[in-house]
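A.B. asks: Let me see the structure of the following:
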Amino acid sequence: MIKLIALDMDNTLLNSKKEISERNTTVLKKLHDQGIKVVLCTGRPINAIWNYIEQLGLTEADDYTITFNGGLVINNTTKESLFRLGMSYDKLKPVYDYAKAGHFPMNVLNFSEVFELTGMDTPSYYSHVIHNIAYHKAALDDLPKDDLYSKIIMSAQPEVLDRAEQNVPEDIQNDYHVTRSQPVVLEYLPPKVDKALGLEKLLQHFGMTFANLMTFGDGDNDLGMTKAAVAGNGLGVAMANSIQAMKDAANVHTSSNDDDGVADYLEKYFATKL
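C.D. replies: Model (predicted):
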């Protein structure tokens, strides 16, 4: 029985205008009111998507969000962490050296701030991608050495990131979870961090398993949770606008994010509840 719905944001729940449609909102709020857990799964921090959380009414005591692509599971109301996994300062240097040599921009995030690294040949525009989070410019040597970092970001035009993604050195591939969360965002995460990991911790908290999970996604950073849902006898739903790997991994398909694909499938699956 499906008891928890996990939703990617960009190009899945959000349409091309970065909006949650009225139809998607209505369906998700009805299911949430009936006791189905609705969980947003994103690479962003919670304050960057707070308007969407409020729009969906996900502000009850047991509402949670999967943030930083699984690196942080956070309670929506108390802001307390159920689970957190990051990387130490020394893990930043290998990616920094690669970015510097390849003329790629680089940003570093802890769990509350973004640091745009100075001295890089190509300026980053990640500040235009993520909002409502403290944003600083700093040299790598000036970052706090004792802090825990959630991820490293390269944000640039798709053709620049295509080159960055295709040439990632083998040692970096082995030591990080490298994922293309958006056409303009390439992320370097701790090796075990994935939306599936965050969802595993949250399902355990609720006394559920992956058989109780339904996921919706479209991109590379949704593959983990999709595969985990399918392997665990749950449902992994791919949007019509998904990359081919997502379509292959999913056991269910729906219409695109601009055609209310989330609501379209939920209305069919929960027909007796809506």
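A.B. asks: List the neighbouring strands of the lowest-mean-pLDDT helix or strand in the chain plus their orientation.
C.D. replies: Taking mean pLDDT, DSSP states H and E as the measure, the chain has strand 134-138 as its least confident helix or strand, at a mean of 86. Partner strands and pairing direction for strand 134-138 (DSSP bridges) are strand 113-117 (parallel).
A.B. asks: May I have the partner strand as CSV, with CA atoms only?
C.D. replies: Coordinates of the C-alpha atoms in strand 113-117 are reproduced here as CSV (Å, rounded to 0.1, in the frame of the first residue of the first chain):
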residue,chain,number,x,y,z
GLU,A,113,25.1,29.0,3.1
VAL,A,114,26.4,29.1,-0.5
PHE,A,115,30.1,30.0,-1.1
GLU,A,116,31.0,31.1,-4.6
LEU,A,117,34.7,30.5,-5.0
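A.B. asks: Return the distance of it from the chain's centre.
C.D. replies: Averaged C-alpha coordinates place strand 113-117 at 18 Å from its chain's average position (Cα atoms, centre = their mean, to the nearest Å).
A.B. asks: Same question for stretch 77-90.
C.D. replies: That offset, for stretch 77-90, works out to 14 Å (Cα atoms, centre = their mean).
A.B. asks: Name the residues of stretch 167-176 that are buried.
C.D. replies: 168, 175-176 (16 or more other Cβ atoms under 10 Å). To be clear about C-beta, it is placed using only N, CA and C from the backbone, and glycine gets the same treatment.
A.B. asks: Of those residues, which is the nearest to Asp147?
C.D. replies: Lowest distance from Asp147 to the buried residues of stretch 167-176 (Cβ to Cβ) belongs to Tyr176, with 17.4 Å.
A.B. asks: What separation do you get for the closest one and Asp194?
C.D. replies: To Asp194, Tyr176 is 12 Å away according to Cβ to Cβ, to the nearest Å.
A.B. asks: low-scoring stretches of this protein, by residue?
C.D. replies: 121-131 (pLDDT under 70).
A.B. asks: Name the residue most distant from the centre of the protein?
C.D. replies: Thr272 (30.4 Å; Cα atoms, centre = their mean).
A.B. asks: Tell me how far the residue nearest the centre of the chain lies from Ala240.
C.D. replies: The centre of the chain sits closest to Thr42, judged by Cα atoms, centre = their mean, with a distance of 2.6 Å. To Ala240, Thr42 is 21 Å away according to Cβ to Cβ.
A.B. asks: ditto for Glu159
C.D. replies: Glu159 is 25 Å from Ala240, by Cβ to Cβ.
A.B. asks: Those two: which is more packed in?
C.D. replies: Shown here are Glu159 and Ala240; by other Cβ atoms under 10 Å, Ala240 has more neighbours (15 against 8).
A.B. asks: just so I have it, where are all the helices in the stretch 101-250 of the chain?
C.D. replies: Along the stretch 101-250 of the chain, counting by DSSP state H, counting those that start in this stretch, helices occupy 158-166, 170-175, 195-205, 223-231, 244-249.
A.B. asks: Ok, which of the ones you listed comes nearest Leu117?
C.D. replies: That would be helix 158-166 among those, by Cβ to Cβ, at 14.7 Å.
A.B. asks: ok, and what's touching the closest one?
C.D. replies: 99, 102, 104, 122, 154, 156, 178, 180, 183-186 (Cβ atoms under 8 Å, 6 or more residues apart in numbering).
A.B. asks: Make a markdown table out of those residues and add neighbour count and distance to Val262.
C.D. replies: Shown next, in a markdown table, are the contacts of helix 158-166 (neighbours: other Cβ atoms under 10 Å; distance: Cβ to Cβ, whole Å):
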| residue | neighbour count | distance to Val262 |
| --- | --- | --- |
| Ala99 | 22 | 35 |
| Gly102 | 16 | 37 |
| Phe104 | 22 | 33 |
| Thr122 | 15 | 35 |
| Met154 | 27 | 29 |
| Ala156 | 21 | 29 |
| Val178 | 19 | 27 |
| Arg180 | 19 | 22 |
| Pro183 | 14 | 21 |
| Val184 | 17 | 23 |
| Val185 | 22 | 21 |
| Leu186 | 25 | 26 |
